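Colleague: Below are the sequence and a predicted model; questions follow.
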Amino acid sequence: MGTRGSSRWGAALRGLRGNPWAVMTTTCLGYFITILNSTSVSIAVPEIQAGLGASLSEVLWVVGGYVLALAVLTVTAGRLGDIAGPRNVFLAGMVVFTVASALCGFVQSPWQLIAARLLQGVGAALIIPQTLTMMTLVFPPERRGRAAMVWGVTAGLAGVAGPTLGGLLVSTAGWRSVFAVNLPIGVLIVVLTLLLVPPGHNRQARRLNAMGAALAGAGLGAITFGLLEGRHYGWGTVASFVTVPMIIGVGCLFLAGFVIHQHRASEPLVPTRLFADRTFTLMTASMATVSMCVITLSLTMTLYLQTVLGMPAGQAGLTLAPWALGMTFGFPVTSRLVERFGGERVLLGGLTVYAAALVTVALLCRPGVGGHLLVVPLAVAGLSQSAAFGPITSLAMRDVGADLAGAASGVFNTIRQTGTLIGVSVLGTVLQARLDGGVGEAAGQAAGPLPAEYRGPFAEAVAGAAARGEGAAIVVPPGVPAETAERMRVLGEAAYGAAFGSAVRFTLLVCAASVVLAALGSYLNERARVVSPEPVPQPDTSRSPSA
């Protein structure tokens, strides 16, 4: 019976080998787990801080380092798939990702975890562009729209499900379980890839353009370092004559050099003719915007629910569950709406509602507002994201030819990851700056009921706790009477909550404004397309080495 059952399973798997939807399911599972790791770790931030004694900037590197590796290497990995074959690169990436996940579970210091996360990001960068490439290769053009929507919603669902799944894991098995869960899933994906995904591909005699990869990596790395570590150095000198603004400026120069080099190179990592497709250009920018808002909402809500409202990780994850459920149930609705009204109109509606949901969440982040009031706007945010991620992806890849699939996939994913990186670094810096500025004012207002001699030390204690990333865990000066000390702790919690809520509101309102701009771009693109159809990028016939 056992042999017969195994034979049946083997025959079934052989029958599925090369089936477009079997390939899609396998690759989307790999895609899902890599995106999940961008946000599931964010809810473990307080536990990682406590477990490893990490500072706020170090835990931001735990999140940002992974995204940095993705942003830097995804375009190169997309082109590597053109050369070595997307299946081979996908398999290699999954092995690296799984091994790195195991290392993350055994680290003993913040910087060991950061190094393991960077390696994990390398594996994810190898995986992600191959998923969209293989989808483009196995589905005929007339069926790519539905497949691209599945791929896009996979990214969105993974992004919003991360905090909920991560919270459940952290509360039941500790923060290391967030990485340990990747091991069996990684092994399963490797096995499914070997069984279901055929190795055949069209090899293209191209080079990787190492200079372009180096310029992009140096630029993004320098800017990220400056934004994440700037506060640690007081936005001044890092070493000798090197300052934080200088590092950021050099990073911008590297990126400018990357753009110039790509324009002149005969084998660029980013073919500039891709951007002759107006829709591709606008959709990649829209994807970056939405991705920026996903990671920002995830980080701000995770910290707000745990450090301000005092929720444990599991409860915070469940509070964010409507976000993921809204995304899940929104996908079939979105599919029908796209079939009836078209992707452009659904995208415009989704972005508009998403901006309204962000504004609502921002306005609810006030002292005394319970987490249960966030349920409806978070669910609406998930629903509206499903109406954004799917159409964005299908519209972006609609007119891309098979010869440009690898490059387009790499560019699309890189810009999406750059949006996530902006969310971690730029908006994280804005959040921290607003918090630093607001804590002093909030502490001054809260200190009113205290005796005059304790008001100054109280304000300093609240500011010190915020600077250490410890929220309302103030250190009461020695010699303070027990009753006054307890009152200081209660007032410190209220002051920090008010300041953090104000910082979260500002940050989410910035995100909402960005989404409104993306919606405006989508509307103008639809109008322009009706009036003047855009040109389709011509096939790439170059085979000469990179400049």
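Modeller: Okay, I see it. Residues are numbered from 1 along each chain as shown.
Colleague: which one's the longest helix in this structure?
Modeller: helix 482-531 (DSSP state H).
Colleague: any idea which element the residue nearest the centre of the chain lies in?
Modeller: For the chain, the residue nearest the mean C-alpha position is Thr420 (4.1 Å; C-alpha atoms, centre = their mean). In the assignment (DSSP states H and E), Thr420 maps to helix 405-446.
Colleague: before we move on, back to that, how big is the angle separating the longest helix of the chain from helix 405-446?
Modeller: Here the directions of helix 482-531 and helix 405-446 differ by 140 degrees (axes from the mean of the first three to the mean of the last three C-alpha atoms, to 10 degrees).
Colleague: what packs against helix 482-531?
Modeller: Helices and strands touching helix 482-531, by 3 or more C-beta pairs under 8 Å, 6 or more residues apart in numbering; DSSP states H and E, are helix 278-303, helix 343-364, helix 405-446, helix 452-467. Glycine gets a C-beta too; all of them are placed from N, C-alpha and C.
Colleague: run the last query once more with 10 Å
Modeller: helix 278-303, helix 343-364, helix 375-396, helix 405-446, helix 452-467 (3 or more C-beta pairs under 10 Å, 6 or more residues apart in numbering; DSSP states H and E).
Colleague: Show me how far the helix holding Thr420 is from its chain's centre.
Modeller: 10 Å (C-alpha atoms, centre = their mean, to the nearest Å).
Colleague: quick check: mean pLDDT across it?
Modeller: The average pLDDT for helix 405-446 rounds to 73.
Colleague: ditto for stretch 213-223
Modeller: For stretch 213-223, mean pLDDT is 82.
Colleague: residues making contact with it?
Modeller: Contacting residues not belonging to stretch 213-223 are listed as 67-69, 71-77, 79-80, 209, 246-262, 269-270, 414, 417-418, 421-422, 425-426 [C-beta atoms under 10 Å, 6 or more residues apart in numbering].
Colleague: Among these, name the ones in helices.
Modeller: Among the contacts of stretch 213-223, DSSP H puts 67-69, 71-77, 79-80, 246-262, 414, 417-418, 421-422, 425-426 in helices.
Colleague: Among the residues you listed, filter down to the buried ones and hand me the ChimeraX syntax, if you would.
Modeller: Selection of the buried residues among the ones in helices among the contacts of stretch 213-223 in ChimeraX, burial being defined by 16 or more other C-beta atoms under 10 Å:
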select :67,68,69,71,72,73,74,75,76,77,79,80,247,248,250,251,254,255,257,258,261,262,414,417,418,421,422,425,426
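Colleague: Which helix or strand lies directly C-terminal to the host helix or strand of Leu188?
Modeller: Assigned by DSSP H and E, Leu188 belongs to helix 182-196. Per DSSP H and E, the first helix or strand lying C-terminal to helix 182-196 is helix 210-229.
Colleague: That next one vs helix 405-446, what angle?
Modeller: Helix 210-229 runs at 10 degrees relative to helix 405-446, counting by the same axes, to 10 degrees.
Colleague: ok, and for helix 210-229, which residues are buried?
Modeller: Here helix 210-229 shows 211-229 as buried, counting by 16+ other C-beta under 10 Å.
Colleague: avg pLDDT for stretch 326-336?
Modeller: In this model, stretch 326-336 has a mean pLDDT of 79.
Colleague: residues touching the closest residue to Leu126 other than its chain neighbours, list them.
Modeller: Nearest in space to Leu126, with sequence neighbours left out and distances taken as C-beta to C-beta, 6 or more residues apart in numbering, is Gly93 at 2.7 Å. Residues near Gly93 by C-beta under 10 Å, 6+ apart: 30, 34, 73, 77, 80-81, 122-130.
Colleague: again, only this time at 7 Å
Modeller: The contact partners of Gly93, by C-beta atoms under 7 Å, 6 or more residues apart in numbering, come to 123-124, 126-127.
Colleague: got the angle for the host helix or strand of it vs helix 182-196?
Modeller: Using DSSP H and E, Gly93 falls within helix 86-104. Following the same axes, to 10 degrees, one obtains 160 degrees for the angle between helix 86-104 and helix 182-196.
Colleague: Format the CA atom coordinates belonging to helix 86-104 as CSV.
Modeller: Extracted C-alpha coordinates of helix 86-104, given in CSV (Å, rounded to 0.1, in the frame of the first residue of the first chain):
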residue,chain,number,x,y,z
PRO,A,86,16.1,31.5,-13.2
ARG,A,87,15.5,28.0,-11.7
ASN,A,88,19.2,27.6,-10.9
VAL,A,89,19.5,31.0,-9.3
PHE,A,90,16.2,30.5,-7.4
LEU,A,91,17.5,27.2,-5.9
ALA,A,92,20.8,28.8,-5.0
GLY,A,93,19.0,31.7,-3.3
MET,A,94,16.7,29.4,-1.3
VAL,A,95,19.7,27.4,0.0
VAL,A,96,21.5,30.6,1.1
PHE,A,97,18.3,32.0,2.6
THR,A,98,17.6,28.8,4.6
VAL,A,99,21.2,28.6,5.9
ALA,A,100,21.2,32.2,6.9
SER,A,101,17.9,31.8,8.7
ALA,A,102,19.5,29.0,10.8
LEU,A,103,22.4,31.3,11.6
CYS,A,104,20.0,34.0,12.7
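Colleague: Could I get the average pLDDT for that helix?
Modeller: On average, the pLDDT along helix 86-104 is 93.
Colleague: so after it, what's the next helix or strand?
Modeller: Heading C-terminal from helix 86-104 (DSSP H and E), you reach helix 110-138.
Colleague: can you list contacts of stretch 176-184?
Modeller: 33, 40-41, 44, 98, 101-102, 104-105, 166, 169-170.
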